[in-house]
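Chemist: Predicted model follows, preceded by the sequence.
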Amino acid sequence: PEGGTYAQIATVSVNTTAYTDTSLSPASLYYYRVRGVNNTGLSAYSNVISATTLAPTETVSTPNQPTGPTSGNPDTSYSYSTGGSSSSLGHSVEYQFDWKGDGTDLSAWGSAFQSKSWSSVGTYLVKARARCATNISVISGWSSGLSVTISTPGSGDAWDPSDDTSTGGTWLTPTTITQS
């Protein structure tokens, strides 16, 4: 303010017409006045001007490609995880999964660990993005996708639930199936 207390922050060289104050805090209001000096002494102070520094811009980094099963069966729940995102301001982040890879089947924002059950056979591209939990409009880009194939067994196939790496079983195609 014009009537406030001022502190000298710099003395510049002869004929200098600009100065950058590098000791400022973000999102703060500052007041400045200047005066010249020559062989006869000091000039009067200039009019007071004010300037407000900008708040830092926040970004959220893109998460890692999701991990989880790459094949499975309809109507079975599968768990996927992602991570690796951070806020440039140190805020916590939350994640959203795109279960089809085209923006039409999005999870709610939440944990880096989420589950999905597809009802239809097909190949899906599971992606993830992150956002700041404090400033929810700050959203990362999408991760690279994980291809997931959901299929049903062909004729003559049998399910062996003890051998699947994703759910605890695999599909077998025996030459003969008997039922007792």
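Modeler: Everything's here; your move.
Chemist: Could you work out the end-to-end span of stretch 106-118 for me?
Modeler: Stretch 106-118 has its terminal residues 13 Å apart, counting by C-alpha to C-alpha, to the nearest Å.
Chemist: Pull out the buried residues from it.
Modeler: Residues of stretch 106-118 classed as buried by neighbour count (16 or more other C-beta atoms under 10 Å): 107, 109, 112, 114, 116, 118. No exception for glycine: its C-beta is placed from N, CA and C like everyone else's.
Chemist: any chance of these in TSV, plus secondary structure?
Modeler: TSV is the format used below for these (DSSP: H, G, I helix; E, B strand; the rest coil):
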residue	secondary structure
Ser107	coil
Trp109	coil
Ala112	coil
Gln114	strand
Lys116	strand
Trp118	coil
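Chemist: closest to Thr52 among those residues?
Modeler: The closest of those to Thr52 turns out to be Trp109 (C-beta to C-beta; 32.3 Å).
Chemist: Next one: the closest one, what pLDDT does it get?
Modeler: pLDDT for Trp109: 98.
Chemist: Over to the one 3 residues further on?
Modeler: Looking at Ala112, its pLDDT is 98.
Chemist: and Ser77, what does it touch?
Modeler: Neighbouring residues of Ser77 by C-beta atoms under 8 Å, 6 or more residues apart in numbering: 115-117.
Chemist: circling back to that earlier point, now flag whichever of the buried residues of stretch 106-118 is closest to Thr53.
Modeler: Closest approach to Thr53 among the buried residues of stretch 106-118 (C-beta to C-beta): Trp109, at 31.2 Å.
Chemist: still on that earlier bit, could you redo the buried residues of stretch 106-118 as a markdown table and give each row distance to Ser61?
Modeler: As requested, those are arranged in a markdown table below (distance: C-beta to C-beta, whole Å):
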| residue | distance to Ser61 |
| --- | --- |
| Ser107 | 19 |
| Trp109 | 16 |
| Ala112 | 13 |
| Gln114 | 19 |
| Lys116 | 24 |
| Trp118 | 29 |
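Chemist: Which stretches in the protein count as strands?
Modeler: Ranges of strands in the chain, per DSSP state E, are 29-32, 37-38, 41-42, 49-52, 71-72, 78-81, 93-98, 113-116, 122-132, 146-150, 158-160, 170-172.
Chemist: Relative to Ser13, which of the ones you listed is closest?
Modeler: Once those are compared by C-beta to C-beta, strand 37-38 is nearest, at 11.5 Å.
Chemist: ok, that closest one: who's next to it in the sheet?
Modeler: Under the criterion DSSP bridges, strand 37-38 sits next to strand 41-42 (antiparallel) in its sheet.
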